[in-house]
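> Predicted model and sequence follow; I will ask about them next.
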Amino acid sequence: ASSSKMHALEEDAERIQVAIETQEKSVEGLLEKVLSEDPAKKRSGGCLLQPPTPIFRANNWPTLPVQKTTLEDLEAAEAQQNGEPHKETHQTTTNAAQDYPKEEEEDDFGDADLMEDDDLGFGDDDGGWDDDLDDFGDELSPTKAPTDEMMGMQEVLDDSAFQMPPAGRPAAGCWVANSSHAADHLAAGSASSAMQLLNRQIAASDFSVLKTSMIGCYLGATTSLPGIPGSASMNVPIMRNDSNGHPGAESLPRTYLKLKHLVAGVRSGYRAFQGGKFNEAKTAFTDVFTKIPLVVSESKKDANEVKEMLEICREYITAIRIKAAMAECKDPARSTELSAYFTHCNLQPMHLLLALRSAMGTAFKHKNYIVAASFARRLLELPDMNSERNADLRVKATKVLQKSEQMARNEHTLNYNESTSFVIDCKALLPVYNSDVSTKCSFCGSTYAGDSMKNKVCLTCGFSAVGVNTLGLVTGS
């Protein structure tokens, strides 16, 4: 009551005073004390708090055209009983009676006769075209949609009664239903279905490596829009197929990982490899590995580029692992073998030149002249050897070739045959020939001899299982 008096809310003050006196309490002297208070003692910053004023004062709420409700029908019936005709209801009833004929009337077309005597000759037999589709049973039948328990609340038996408009579908639900890509499921917040897809498609088993990229997919699919003071912010979904308007139920999220991010990572790995910073190069290529499964390609060309980058990362990580083993190896024969395997990784021409130069020097140093001559010939055949900057290397390779052809012997017995094609065992770093039994990683395609690595995490990519037969990398939604 005192607050109402202070802010000149006379009606509210009287209402509160009556409510207090009704409960057999008194406010005598309280109002006089408030009114007689010295204005100088009041707070200079005191003001009446009011709720925020709406931005739009007009009645701009969207409306839906609906049928008449049951209450309107009851009012119309009551008006007819009181002698007040309801023209609209009578007209509707008359039209309905004209539109629907009586059940006793027979159909003039005689459909019953046509059903009994079918002269067209379309029977149930397939005429000898046995397609064996009946054996599939329920596999070809559409999946039954889950029953909505609230559907009964929206159905009204009376056609003239109000029917609830169908509820809209959230964007996250549309993303999960419209896509088979793990990135779209992560954008919708469905981490369990995303991990299940990755496990089925590329046999992913260690998701801790993918954690950062997975969280980025979720955070990058929505933006936060602040509201009026005192209200919570609104999460607005960001879609990638809304260029021609809102896609509605066909919406798909915009993922934060693009092909350009993979290209940037590969280029960073190239620069580190060129400079001999092999640890930094391995980190860059491994980071690209963790991003590839969550990149959604927009065309077939982009999909091929993503798969090409997958092979590039595999080859370079294998080459870096061989280079690390060469640095730790003290055996001359094994060191020569590793340098030879290093040259069989699918590297860029400028990097292959460095690999052949290193292998030629190692083989010549350990007096394995046969393989040294082979490396020198391969080195001289590279197009980059014709440039002026490689003139000194060309002279050295020519001298090594001449000396090796004169000696024509290997000091050690090597497990290396350059005339036979092979792939490298990514565990033992040994050659695996076509006739040997081997298993491959379901994601990156790294090869392992025998079954020793089956169902174990790949040593190259670090998160997919080896030896599991899957569909492979899915690049599109």
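Received, thanks. Residues are numbered from 1 along each chain as shown.
> Can you classify Thr439 by secondary structure?
strand (DSSP: H, G, I helix; E, B strand; the rest coil).
> Please identify which helix or strand holds Lys260.
helix 259-274 (DSSP states H and E).
> got a list of contacts for that helix?
Helix 259-274 is contacted by residues 278, 280-282, 284-285, 287-288, 291-292, 295, 297, 302, 305-306, 309, 312-313, 316, 320, 348, 350-351, 354 when judged by Cβ atoms under 8 Å, 6 or more residues apart in numbering. (Glycine included, C-beta is placed from N, CA and C.)
> Try it again at 6 Å.
Helix 259-274 is contacted by residues Glu280, Ala281, Ala284, Phe285, Asp287, Val288, Asp302, Met309, His351 when judged by Cβ atoms under 6 Å, 6 or more residues apart in numbering.
> With stretch 387-405 instead?
Stretch 387-405 has contacts (Cβ under 6 Å, 6+ apart) with Met360, Phe364, Tyr369, Ala372, Ala373, Ala376, Leu379, Leu380, Met385.
> Please enumerate the helices of the stretch 101-250 of the chain.
With helices called from DSSP state H, counting those that start in this stretch, the stretch 101-250 of the chain shows them at 111-116, 151-154, 171-178, 182-187, 191-202, 211-219.
> What helices and strands are in contact with the last one?
Under the contact criterion of 3 or more Cβ pairs under 6 Å, 6 or more residues apart in numbering; DSSP states H and E, helix 211-219 touches helix 182-187.
> helices and strands around the helix it packs on, which ones?
Judged by 3+ Cβ pairs under 6 Å, 6+ apart, helix 182-187 is in contact with helix 171-178, helix 191-202, helix 211-219.
> And Asp287, how far from Ala281?
Distance from Asp287 to Ala281, counting by Cβ to Cβ, to the nearest Å: 11 Å.
> Show me which of those two is the more surrounded one.
Just comparing Asp287 and Ala281: by other Cβ atoms under 10 Å the higher neighbour count belongs to Ala281, 24 against 17.
> and that one, what does it touch?
Going by Cβ under 6 Å, 6+ apart, the list of residues near Ala281 reads Gly269, Ala272, Phe273.
> Which residue would you name as the spatial centre of the protein?
Geometric centre of the chain, nearest residue: Ala183, 0.9 Å, by Cα atoms, centre = their mean.
> mind listing what that residue touches?
By Cβ under 6 Å, 6+ apart, the neighbours of Ala183 are Cys217, Thr255, Leu294, Val296.
> Could you do Leu294 as well?
Applying Cβ under 6 Å, 6+ apart to Leu294 gives the contacts Ala183, Ser213, Cys217, Leu257.
> on that earlier part again, packed most tightly, which of the helices of the stretch 101-250 of the chain would that be?
Highest mean neighbour count of the helices of the stretch 101-250 of the chain: helix 182-187, a mean of 29 (counted as mean count of other Cβ atoms under 10 Å).
> and it, how far out from the chain's middle?
Helix 182-187 has its C-alpha centroid displaced from the chain centroid by 3 Å (Cα atoms, centre = their mean, to the nearest Å).
> ditto for stretch 438-458
Taking mean C-alpha positions (Cα atoms, centre = their mean), stretch 438-458 and its chain are 26 Å apart.
> again with stretch 356-372
Distance, stretch centre to chain centre, for stretch 356-372: 48 Å (Cα atoms, centre = their mean).
> first to last residue in it, what's the distance?
10 Å (Cα to Cα, to the nearest Å).
> which outside residues touch it?
So stretch 356-372 is in contact with 332, 335-336, 339-340, 343, 375-376, 378-379, 400, 404, 407, 409-411, going by Cβ under 6 Å, 6+ apart.
> Looking at the residues you listed, which is nearest Gln196?
Thr343 (41.1 Å; Cβ to Cβ).
> List the residues that contact the closest one.
Per Cβ under 6 Å, 6+ apart, neighbours of Thr343: Ala355, Leu356, Ala359.
> Neighbour count for the residues you listed - can I get that in CSV?
Listed next are the contacts of Thr343 as CSV, based on neighbours: other Cβ atoms under 10 Å:
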residue, neighbour count
Ala355, 23
Leu356, 26
Ala359, 26
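> Tell me which of the helices of the stretch 101-250 of the chain approaches Val236 most closely.
Taking the helices of the stretch 101-250 of the chain one by one with Cβ to Cβ, helix 171-178 is closest: 9.2 Å.
> Identify the spatial nearest neighbour of Glu280, chain neighbours not counted.
Sequence neighbours aside, Ala272 is the residue nearest to Glu280 in space, at 4.0 Å (criterion: Cβ to Cβ, 6 or more residues apart in numbering).
> neighbours around that neighbour, how many?
Residues near Ala272, counting by other Cβ under 10 Å, number 20.
> for the one 10 residues further on, same thing?
Using other Cβ under 10 Å, the number of residues around Lys282 comes to 21.
> circling back to that earlier point, name the nearest of the contacts of Ala281 relative to Cys174.
Among those, and counting by Cβ to Cβ, the member closest to Cys174 is Gly269, at 37.0 Å.
> ok, the closest one - how many residues close by?
Neighbour count for Gly269, taken as other Cβ under 10 Å: 25.
> Would you mind pulling the contact partners of stretch 446-455?
Stretch 446-455 is contacted by residues 314, 423, 425-427, 432, 437-440, 458, 460, 465-467 when judged by Cβ under 6 Å, 6+ apart.
> Among those residues, filter down to the buried ones and hand me the ChimeraX syntax, if you would.
Here is the ChimeraX selection string for the buried members of the contacts of stretch 446-455, based on 16 or more other Cβ atoms under 10 Å:
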select :314,423,425,426,427,432,438,439,440,458,460,465,466,467
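> Which ones among the contacts of stretch 446-455 lie within helices?
If you go by DSSP state H, those have Arg314 in helices.
> Of the contacts of stretch 446-455, which pair is most distant in space?
Checking the contacts of stretch 446-455 with Cβ to Cβ, the most distant pair is Arg314 and Val437, at 20.5 Å.
> So, low pLDDT: which residues of the stretch 51-200 of the chain?
Scanning the stretch 51-200 of the chain with the threshold set as pLDDT under 70 gives 54-162.
> tally of neighbours for the spatially closest residue to Pro383 that is not a sequence neighbour?
Distances taken as Cβ to Cβ, 6+ apart place Pro349 nearest to Pro383, at 7.0 Å, with adjacent residues excluded. For Pro349, the tally of surrounding residues (other Cβ under 10 Å) stands at 9.
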